[in-house]
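Novice: The following comprises the amino acid sequence and a computationally predicted model.
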Amino acid sequence: MKVLIIDDEEDVREIAKMSLNLLGGLDVVEAENGQHGIEVAAQNKPDVILLDMNMPILDGPSTLEALRTNEATKDIPVIFLTAKAMTQEIEKLKRMGATGVLTKPFDPTTLATQVQDILKE
Amino acid sequence: MLSNRINLKIVHKGAILVLVPLFFELIFLGVLTELLHRAEVEVQRQVRSKAIISQANTLSKLFYDAGVAMGGYSITKSPLFSDRYDKIVRQIPEDLEELRKLVGDNPKQKQILENLQKITVTGLKILGEAKSAIDDNRVDVAQFRARHMYKEIRSLADKLQDELRGLTEDERRIEQESPEKQNRSRTILKVFLVGGVVANILIAFVLLWFFTRSIKNRLDVLTDNSFRLARGQPLNPPVGGGDEISHLDGVFHSMADALTEAHRKEKAVIDNAVDVICSIDMDGKFVAVNPACYENWGYTPDELLGKRFIEVIAPQDISDTIKAVRAIRAEKSNLQFDNRVRRKDSSEINVSWSAYWSEKERAMFCVAHDITERKLAEEAIRASEHRIRTIINHMIVGLVIVNQDGYIESMNPSAEKIFGYKAEEIVGRHLLSLFSDSKFFSEHNESDTTSFMDTLFNQALNRIGEFDCIKKNGEDFPVELSISELKTHEGERYMANILDVSERKEVERLKKEFVSTVSHELRTPLTSIRGSLTLLSVGAMGALPDQAKKVVSIAERNTIRLIGLINDILDIEKLEAGKLDMVFENTNMKDIMERSEQSVNTFAANNGVKLEMMPTDAQVYADGDRIVQVLVNLLSNAIKFSPQGQTVTVAVESAAGFVHVRVIDRGRGIPEQFKKLLFQRFQQVEASDAKKKGGTGLGLAICKGIIEQHGGQIGVDSEEGKGSTFWFRLPPARTDSTVVVQPQETRAS
C-alpha cells in the first residue's frame, strides 16, 4: 500500500514516513504543499493520501477539492492529519469527500493501523 | 310620682289629658240626652192626656145628644132629630176610634176603652131599636121601649159616664202627676249639669296639675343641665322616668360623658404629645404650653408661661417668624412655617410650626414639631442622592432609564459615551433606536417596539443578555445588557444597564486565536518530538543501548505528559469559557464503556489491574466522545491508585430521571478533607502524586466541567483505606432523539 503524505512540516513528514514505513511497512511518497501534492498524487496514484490542514500555497481543503476534481485522483481516499480540527470542520471535510480525520500529535506506533482502519471503514 | 312609676311618655300624658275629660264629657252628654228625652216624653204624655180627656168628654156629650135626639124624635118624629141622631150615631164610632189611638198601650185605659165600647154598642143598639119602633109607629112599643130604653140608656149613660170619668180621672191624675215629675227631672238635670261641669273641670285641673308637675320639674332640670353642659359643670342626677324628657336627659348625660372623655383624651394627648403645643396671646406671650416643651426646648411650662414667644426663637429667624405670625393673623387661617428655636441651653433646633389664629379667642394656637432629625435626614438623603448621582455619572456601565413602553427618559454620561448621543438628543425616543435591530424595525411602529420590548424582557429582565447596539454614527457594537424594574414615585420604570463589550469580545477573539495558534504551534513540534522518541524507543532505528533506551523512554513519557497537559489546559480554558462544545445524542453506555476500556486496557495491564465492565443496556443523552474522555480519566485514576492485582469495576444503573455510572476501585481511598478539593484545578491528594502517578491535576476538573455541561452531576464516595467510588449522573436517552451539534474542537490524543 502506497501512502502520500502532504505536509509543509518536513519533520512531521519524516516522522509520519518512518512510522508508516518502518513500523507499518507501507510505501510512502511525500509532498511539501497542496499544489505539489496534487501533482505527486496524479503521478504516483497512491492508495491513500494523508493531508495536512494548514499549508502555504494551497491548504488542505483546497487541495482536497482539487484532488476530487482531478480525474486521476478523484477516487483516492484522503485522510486529514491536523493539529486543530473542529467537529464541524470534520463533518464539513467529510462532506467534501475526506475519508477520515487523524489528529496531531499522532502515535507513530499506531499510525499505520489507524490509517488502515479508516480505509476498512 | 305615679306618672314616673308607670313611665308614661309625654304623648301619652297629653292623650290622657284630653281623653279623660272627653270621656266624662261624653258620659255627661249621654245622661243629659236621656234626661231631655224623658222630659220630652212627659210633655207629650201631658198633651195626649189632655186630648184623651177632651175626647172622652166629647164622646160622653155625643152619647147624651144621641139620647136627646132620640127623645126628640120619639116625641116629634121630626126628621130634624132623626138626622141629628143618625149623624151622632155615625160620629160615635169615629170618636171611639180616635180615643183608641190616643189611649195607645196603656192597659188600664185600654180596659176602660173596651168597656166603653161595649156600653156604647149596647146603648146604640137600644137607641136603634127605639128608633125602629118609632119609625114603625109602634108608639106603645116605642114608648115602652123608650121608657125601658131610657132606663137602660140612663144606666148605660151612667156607666159610660163612669168609665169616661175613670179615663179622664186617670188622665188627670197623670196630668197632675206630670209637672211634678218634670220639675223633679229638671232639678236632677240642673244638678247633673252643674255637677258634671264641675267634675269635668276638676278632673281636667287635676290631670293638668299632675302632668305639668311631672313635666315641668324635669324640663327645668333639663334646661339647667343644658346650661351646665355648656359651662362644663357636672350635670344634675338623671331625672328618671321613661318618657322623652328622661331620654333627652339621658342624651345630655351621654354627651356630658363623651365631652368629659374627649376632654380627658385631649388633655392626655396634649400632655403626652411629643410636639410642643401652645397658645400665644395678642401680645405674643405664652398663655398655655404642654409639658413637651421641657423635652424639646429645655424649658418647663411654668418658665414659658408669660414669656414672649419671640424670646425662644433663634435671633437670625426672628424677623421671618414675625412676618409669618402677621400673615397668620391677617389671613386668619392655618399656616406653616419653619424656623429655629433657641433652647434653654442655647443650642438650636429646627422646628416646623403649624399655627392657627383664633379671632374669637384672640390667640394663636401652635404645634411646634422638632424637625432637626428630619433636616439631618434630608441632608443625608441629599448627600446620598449626590453620592448616587456621582456614582451613576462616573460608572463605566451605561444606564438608560425608560418608561413602561420603552421610551427613553434619561441616560448617564457613560451611556452617552457608549452610544455617542447627548442625553437630550435621545430622551423621548424609543430604546429600539439604540439597537442594531432599528435598521430593520421602526421605532415609530408600535408593533415593532412592542415585539422588541418583549424580546428584550425575555432575554434581559433581571439577567444579562447579549445584544448588538448601534452608535449615533451608525457603528454596530456588542453589549451586555440587563433590564431591572425601577419603582419610582412616578410609576414603574425600567433601567437598562449597558456594558460595551466590544473590547472584551475582541480580547476573546484574540484569546481564541491565541489558543488556536498555541494548539497548532505546540502540537506540530510535539508531533515530531513524540514521533521521534517513540520511533527510537520501539527500536525503529535499531536497538538502543539500555541506558539510551531508558533516557529515550523518559523523554517520550514526559512528551506524552506535556501533550496531555496542553490538551487539558485547552479543554479547561474552553470549559471555563463555556466554549467546549458538544454533540448531544442518544448513546449506548455499553459503547462508551467499551471504547474507554480499549483506551486504558494497556495501561491497566501495565499496572497489573483488572478491569470489570458490568453489563448494561442503559442509554444516555450525551456527547459520546466527551463521556469516553470522562470515563477514561476516571478509569486511569482508578488504575493508577489501585494496588497490583486489584480490580476496577464500572457499573451503570438507570434511576428515575438519570443514569448513574460508578467507577469503583479498591485503592487507598480519599481523605475526607480532600473530597471537596478533588474536582478543582491542579488538586491531587498528595503533592507528590503528580510526579509519582503522572497527570496534570486537571483531569477531574475537566470531568466535572463536561458532566455539568451535560446537566449532570459528578462526585466521589470514599473511605480512607477502603477504596473510592467516583460516580457521575447523566440524563437518560431522549425519546425525540434530536442531535444537537455544537462547534467543538476535537481533542488530540
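Specialist: Sure thing, it's come through.
Novice: center of chain A - which residue?
Specialist: Ranked by distance to the mean C-alpha position of chain A (C-alpha atoms, centre = their mean), the top residue is residue A:50 at 1.2 Å.
Novice: contact partners of the helix or strand that that residue is a member of?
Specialist: Using DSSP states H and E, the secondary-structure element containing residue A:50 is strand A:48-52. Surrounding strand A:48-52, the residues in contact under the criterion C-beta atoms under 8 Å, 6 or more residues apart in numbering or on different chains are A:1-9, A:12, A:16, A:34, A:37, A:41, A:60, A:63-64, A:67, A:76-82, A:98-99, A:102, A:115, A:119. Bear in mind the C-beta positions are built from the backbone N, C-alpha and C, glycine included.
Novice: Of those residues, keep whichever come out buried.
Specialist: The neighbour-count test (16 or more other C-beta atoms under 10 Å in any protein chain shown) applied to those identifies A:3-9, A:12, A:16, A:34, A:37, A:41, A:60, A:63-64, A:67, A:76, A:78-82, A:98-99, A:102, A:115 as buried.
Novice: Kindly identify which of the residues you listed also come near chain B.
Specialist: The subset of the buried ones among the contacts of strand A:48-52 within reach of chain B, counting by C-beta under 8 Å from any C-beta of the partner chain, consists of A:9, A:12, A:16.
Novice: got the contact list for the first one?
Specialist: Under the criterion of C-beta under 8 Å, 6+ apart, the contact list for residue A:9 reads A:52, B:524, B:527-528.
Novice: quick check, nearest of the residues you listed to residue B:377?
Specialist: residue B:524 (69.8 Å; C-beta to C-beta).
Novice: Of the contacts of strand A:48-52, which belong to strands?
Specialist: A:2-6, A:78-82, A:102 (DSSP state E).
Novice: who's in contact with residue 73?
Specialist: You didn't pick a chain, so chain A it is. Contacts were defined as C-beta under 8 Å, 6+ apart; by that measure residue A:73 touches A:38, A:41-42, A:45, A:67.
Novice: try again with chain B
Specialist: By C-beta under 8 Å, 6+ apart, residue B:73 lies in contact with B:81-82, B:85, B:131, B:134.
Novice: got it, and residue B:281?
Specialist: For residue B:281, counting by C-beta under 8 Å, 6+ apart, the contacting residues are B:287, B:362-364.
Novice: returning to that earlier point: is it possible to get JSON lines of the ones next to chain B among the buried ones among the contacts of strand A:48-52 that adds pLDDT?
Specialist: Converted to JSON lines, these look like this (pLDDT from 0 to 100):
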{"residue": "A:9", "pLDDT": "88"}
{"residue": "A:12", "pLDDT": "90"}
{"residue": "A:16", "pLDDT": "92"}
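Novice: Out of the residues you listed, the closest to residue B:467 would be?
Specialist: Of all these, residue B:467 sits closest to residue A:9, with 43.3 Å by C-beta to C-beta.
Novice: What does residue B:670 show for phi and psi?
Specialist: Reported as degrees, to the nearest 10, the phi and psi values for residue B:670 are phi -120, psi 130.
Novice: Measure how buried the residue in the stretch 151-300 of chain B positioned nearest to chain A is and give me the count.
Specialist: The shortest separation between the stretch 151-300 of chain B and chain A is 75.3 Å, found at residue B:274 (distances taken as C-beta to the nearest C-beta). When neighbours are defined as other C-beta atoms under 10 Å in any protein chain shown, residue B:274 has 10 of them.
Novice: What's the separation between it and residue B:13?
Specialist: Plainly put, residue B:274 is 56 Å away from residue B:13 if you go by C-beta to C-beta, to the nearest Å.
Novice: ok, back up a step: quick one: which of the contacts of residue B:281 is most hemmed in?
Specialist: The member of those surrounded by the most neighbours (other C-beta under 10 Å) is residue B:364, with 22 neighbours in all.
Novice: Run through who's touching the host helix or strand of it.
Specialist: Here residue B:364, judged by DSSP H and E, is contained in strand B:363-370. Taking C-beta under 8 Å, 6+ apart as the criterion, the residues outside strand B:363-370 that touch it are B:273-282, B:287, B:296, B:325, B:328-329, B:341, B:349-358.
Novice: Which single residue of the stretch 501-650 of chain B ends up nearest chain A?
Specialist: Taking C-beta to the nearest C-beta as the measure, the point where the stretch 501-650 of chain B comes nearest chain A is residue B:531, at 3.1 Å.
Novice: And the strands in the stretch 101-250 of chain B?
Specialist: In the stretch 101-250 of chain B, no strands are defined using DSSP state E, counting those that start in this stretch.
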